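Enquirer: Below is the structure, and that's it, no one-letter string:
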């Protein structure tokens with residue numbers, strides 16, 4: 001793909017530990033308490049999904065499990081529901097598994113990328129689901145751990161892979177091997193960076209002296225290249241470049257374009273899909289998919305709309321933003337936009353990809369635990 005490599009499928013799936021670690025053990029082993037992570041728009045997401053997953057046998061998928069905050073709330077609010085938690089980050093799965101172990105068999109963690117949803121459900125013997133949640137973008141866990149390379153505030157290896165066990169390219173690989181044209185393209189498309197071409201040329205010059213390996217050097221290059229007036233008014237000069245690299249490394253938008261139709265295709269009538277996005281590129285993909293499903297497909301001029309032309313989805317909300325009070329308490333929520341739909345009839349437009357890829361394996365541990373969005 002002309003300088004672009006899709007990250008390979010997650011590697012061997014290692015089982016999660018069988019014991020339930022205390023919060024103190026979690027802190028000692030892997031950093032700050034997971035309870036400190038604040039899920040964005042938690043009450044509103046639970047309010048939107050809960051009506052669809054109250055019946056016995058209901059299945060809800062948290063396609064971006066993270067540390068399990070949304071999942072925990074859903075499982076508590078919907079005592080009859082089973083939750084399948086999907087994440088490509090094995091460290092996040094381990095920590096969420098400990099947090100949600102108290103829910104026993106109602107929680108199933110799966111190591112996979114969310115565009116593998118069709119395969120995940122088939123592996124679990126699930127035909128249709130009553131709810132799906134996506135909380136897109138980088139997680140607080142990934143941002144807070146400097147060594148992952150996601151945060152420009154810390155000097156760290158330029159990794160940025162959400163699944164560090166994958167064989168896919170790192171951010172350093174992208175910077176050191178992509179042509180100036182390909183770097184310009186991803187900075188412009190994924191970072192909406194005004195100075196994409198200037199930055200790309202500077203990266204190519206700099207790597208001829210020494211390959212990029214750490215984020216500090218990249219941040220300094222960006223400070224030097226981006227004009228001073230833009231640095232003063234456009235936020236941190238590294239913000240857009242780091243976003244673009246992260247999206248490229250993890251093939252986020254390509255995965256999302258496959259995942260949303262698969263999720264909509266898996267919804268039973270009455271089922272709901274809720275998506276929380278953090279930048280316009282993600283939100284645009286979600287908006288278009290939801291709008292297409294909520295529109296009639298009747299040809300112009302047709303005197304009577306046939307049943308098969310009627311919308312399959314009903315829009316529940318449109319680009320809802322967090323309350324100011326939530327943004328004050330959790331500044332990372334500021335750019336969040338929430339969309340939700342409900343399936344109102346069976347249809348074909350939301351069908352997911354029929355071609356199966358490698359089977360996503362379930363993480364098994366003594367007493368499945370999960371959370372509720």
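Expert: Alright, I've got the coordinates. As the structure is a computational prediction, the values presented were derived from the model and not from experiment. Numbers count the residues shown, from 1 in each chain.
Enquirer: Residue ranges in this structure under the pLDDT threshold?
Expert: For the chain, applying pLDDT under 70 flags the ranges 1-37, 138-154, 231-234, 348-373.
Enquirer: any idea how far residue 165 is from residue 124?
Expert: According to CB to CB, to the nearest Å, residue 165 and residue 124 sit 22 Å apart. C-beta here means a position set from N, CA and C on the backbone, and glycine is covered the same way.
Enquirer: which helices and strands does the helix or strand hosting residue 122 pack with?
Expert: Using DSSP states H and E, residue 122 sits within helix 117-123. In terms of contacts (3 or more CB pairs under 8 Å, 6 or more residues apart in numbering; DSSP states H and E), helix 117-123 is packed against strand 59-62, strand 82-87, helix 252-266.
Enquirer: Also compute the angle for the last one relative to strand 82-87, please.
Expert: With axes from the mean of the first three to the mean of the last three CA atoms, to 10 degrees as the criterion, the two stretches helix 252-266 and strand 82-87 enclose an angle of 160 degrees.
Enquirer: Now the element after helix 252-266, going C-ward?
Expert: Next along from helix 252-266, by DSSP H and E: strand 267-277.
Enquirer: neighbouring strands for that following strand, and are they parallel or not?
Expert: The pairing partners recorded for strand 267-277 under DSSP bridges are strand 129-135 (parallel), strand 337-343 (antiparallel).
Enquirer: Now tell me what touches the next helix or strand after that strand from outside.
Expert: Downstream of strand 267-277, the first helix or strand assigned by DSSP H and E is helix 280-293. With CB atoms under 8 Å, 6 or more residues apart in numbering as the test, helix 280-293 has contacts from 134, 136-137, 189-190, 192, 247, 252-253, 256-257, 260-261, 264, 273, 275, 277, 311-313, 315, 319, 337, 339, 341, 347, 349-350.
Enquirer: repeat that with 6 Å
Expert: Contacts of helix 280-293 with the rest of the structure, by CB atoms under 6 Å, 6 or more residues apart in numbering, involve 136, 256-257, 260, 264, 275, 277, 312-313, 337, 339, 341, 349.
Enquirer: Of the strands paired with strand 267-277, which stretch is the most buried?
Expert: strand 129-135 (a mean of 27; mean count of other CB atoms under 10 Å).
Enquirer: so how far is that one from its chain's centroid?
Expert: Relative to the centre of its chain, strand 129-135 is centred 12 Å away, using CA atoms, centre = their mean, to the nearest Å.
Enquirer: quick one, that strand and helix 280-293 angle?
Expert: Counting by the same axes, to 10 degrees, strand 129-135 lies at 160 degrees to helix 280-293.
Enquirer: The most centrally placed residue in the chain: what's it in contact with?
Expert: Closest residue to the average C-alpha location of the chain: residue 136 at 3.1 Å, with CA atoms, centre = their mean. Neighbour list for residue 136: 277, 282 [criterion: CB under 6 Å, 6+ apart].
Enquirer: Residue 128 now?
Expert: Each residue near residue 128 by CB under 6 Å, 6+ apart is listed here: residue 268.
Enquirer: do residue 212 as well
Expert: Applying CB under 6 Å, 6+ apart to residue 212 gives the contacts 172, 175, 176.
Enquirer: Most neighbours among those, which one?
Expert: Highest neighbour count within the contacts of residue 212: residue 175, with 24 neighbours (other CB atoms under 10 Å).
Enquirer: Tell me the spacing between the nearest residue to that one once chain neighbours are set aside and residue 172.
Expert: Setting aside the residues directly before and after it, residue 175 is nearest to residue 212 in space (CB to CB, 6 or more residues apart in numbering), at 4.4 Å. Using CB to CB, residue 212 is found at 5 Å from residue 172.
Enquirer: Over to residue 81?
Expert: Applying CB to CB, the value for residue 81 to residue 172 is 42 Å.
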